[in-house]
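Asks: build me a model from this:
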Amino acid sequence: MGQSKNKQISAVLWKKIKPLLPQVKPSPKGGRPRLDDELALNGILFVLRTGIPWEDLPQELGFGSGMTCWRRLREWQKAGVWHRLHMLLLADLRGAGRLDFSRVSLDGASVPQPPGGPHTGPNPTDRGKLGSKRHLVTDRKGIPLMFCVTGANRHDSVVFEDLVDAMPAVAGRRGRPRARPDKLHADKGYDFPRCRQHLHQRGIKVRIARKGRESKDRLGRYRWVVERTHAWIASFGKLRIRFERSIDTHLALLSLACCVICLRSLAPFC
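Replies: Below you'll find the predicted structure:
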């Protein structure tokens, strides 16, 4: 490629994602050649990791313009590429014995300073400043399984049922894909009868802290992994705060970040 020293993606990631990308036929009218997909993905990852504005992507890196990378990110989000990549990596992790469904943890984290747009709202813990909230489910080791985004003014428990039911059925081994964990850990923000009943109906053991009865330390020895994963996601410069007004672009960046986290755990087994 001529600029290998600038590459942001590993050969393993490119091998995984290349078959998932939609094929685009050259325009019969000619015109400027389409930027190579691998170069575009390098540019997307550079912006995701550094947090720079799209228009400031350095041209000397050879990844094309930032706006071209932004359009490619949205194009692939619309085609379902990032979700399919996430599911593929989860299946690979399960096949390698690196995905642990014995306990999962669920928690939300506020994301400050969005520029408005859908899924934002006044943050009651930050003087009413506009914010979003990221809700996340991880396996026992902190591998991200599923997420969603709401306004910062939405209570954590509002999305509990939907997020539990959205946990993917993960293949990777013989037999039926695994979709239900043995236990689910959550903090006192989810201590409501409907949350407990929802887990009971699905055969999932309830490990939700009870208000005024159980200390944070008791259940926190298992639940800390989801807090660590939130920190991993926030370490990506473009996700430390919500820069993107478009919820589709924000979700695409979150999906890609989850894929990178999965790949870090999978890399030794590839």
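Asks: only C-alpha atoms for contact and neighbour calcs from this point on.
Replies: Noted.
Asks: residue boundaries of the strands in this structure?
Replies: 103-112, 121-122, 130-138, 144-151, 183-186, 205-208 (DSSP state E).
Asks: quick one: closest of those strands to Gly237.
Replies: In terms of C-alpha to C-alpha, the element of these nearest to Gly237 is strand 103-112, at 12.3 Å.
Asks: now what about that closest one, what contacts it?
Replies: Contacts with strand 103-112, where a contact means C-alpha atoms under 8 Å, 6 or more residues apart in numbering, come from 123, 129-140, 152, 156, 181-187, 222-223, 225-227, 230, 240-242.
Asks: give me that answer again for 7 Å
Replies: Outside strand 103-112, the residues that touch it by C-alpha atoms under 7 Å, 6 or more residues apart in numbering are 130-140, 152, 156, 181-186, 223, 226, 241-242.
Asks: distance from the chain centre to it, please.
Replies: With C-alpha atoms, centre = their mean, to the nearest Å as the basis, strand 103-112 stands 11 Å off its chain's centre.
Asks: quick one: mean pLDDT for it?
Replies: Strand 103-112 shows a mean pLDDT of 91.
Asks: name every strand pairing with that strand and say which way it goes.
Replies: strand 130-138 (antiparallel), strand 183-186 (parallel) (DSSP bridges).
Asks: quick one, it and strand 144-151 angle?
Replies: Interaxial angle of strand 103-112 relative to strand 144-151 (axes from the mean of the first three to the mean of the last three C-alpha atoms, to 10 degrees): 30 degrees.
Asks: quick revisit: just the buried ones among the contacts of strand 103-112, please.
Replies: Those of these that meet the buried threshold are 130-140, 152, 156, 181, 183-186, 223, 226, 241-242, by 16 or more other C-alpha atoms under 10 Å.
Asks: these two touch, right, Lys133 and Val149?
Replies: Yes - counting by C-alpha atoms under 7 Å, Lys133 touches Val149, with 5.6 Å between them.
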